[in-house]
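Q: fold the following, please.
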Amino acid sequence: MSAPIAFGERYDLPPRRRLAARLAVASARALAALPPRRLRAALHLVRTGARPARAAQTLGARDAVVAVSARCAGRHCLQRSLATALLCRMAGTWPTWRTGVRTAPFRAHAWVEADGRPIGEPHPAGYYTPTLTVGPANR
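A: Down below sits the predicted model:
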């Protein structure tokens, strides 16, 4: 997957938040190695019982993930988006997680959305065509 590098403002996290973010990043790295069908099944299982995430919470989770992982702050959008979703899940919520493509020029990307818009992304909604989506479960 490719996307612009996500380096952002560096800030300190409380120890518990830093630990949770690191756990999410490590778990996301393992999930990113799964084939798409298994990844989707795993995410469907993880999201069970979660409320829909709000934009501010999702952005906070993304910022925490980027703060603890240079890999996620860089070009690894799949791991970054998975870690963000997992960190939201640790707080009892779930954003919409997506992968998608763009054809001219070809690019693949993974991102999270909340309140109907991409979170922390430089491109507007609709820039990529979604190919895989795991949204909040209907309650």
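Q: from here on, contacts and neighbour counts on C-alpha atoms
A: Noted.
Q: which residues touch the residue positioned nearest the centre of the chain?
A: Nearest to the mean C-alpha position of the chain, by Cα atoms, centre = their mean, lies S81 at 1.9 Å. Contacts for S81 (Cα atoms under 8 Å, 6 or more residues apart in numbering) come out as R62, W97, A110, W111, V112.
Q: so, low pLDDT: which residues of this structure?
A: For the chain, the stretches flagged by pLDDT under 70 are 1-11, 139.
Q: mind running it again at 50?
A: By pLDDT under 50, the weakly predicted segments of the chain are 1-6.
Q: mind listing the helices for it?
A: For the chain, applying DSSP state H gives helices covering 15-32, 36-47, 55-68, 70-73, 77-90.
Q: okay, these, which one's buried deepest?
A: helix 77-90 (a mean of 26; mean count of other Cα atoms under 10 Å).
Q: off-centre distance for it?
A: Here helix 77-90 is found 4 Å from its chain centre; the criterion is Cα atoms, centre = their mean, to the nearest Å.
Q: orientation of it relative to helix 55-68 in degrees?
A: 120 degrees (axes from the mean of the first three to the mean of the last three Cα atoms, to 10 degrees).
Q: sweet, I'm off.
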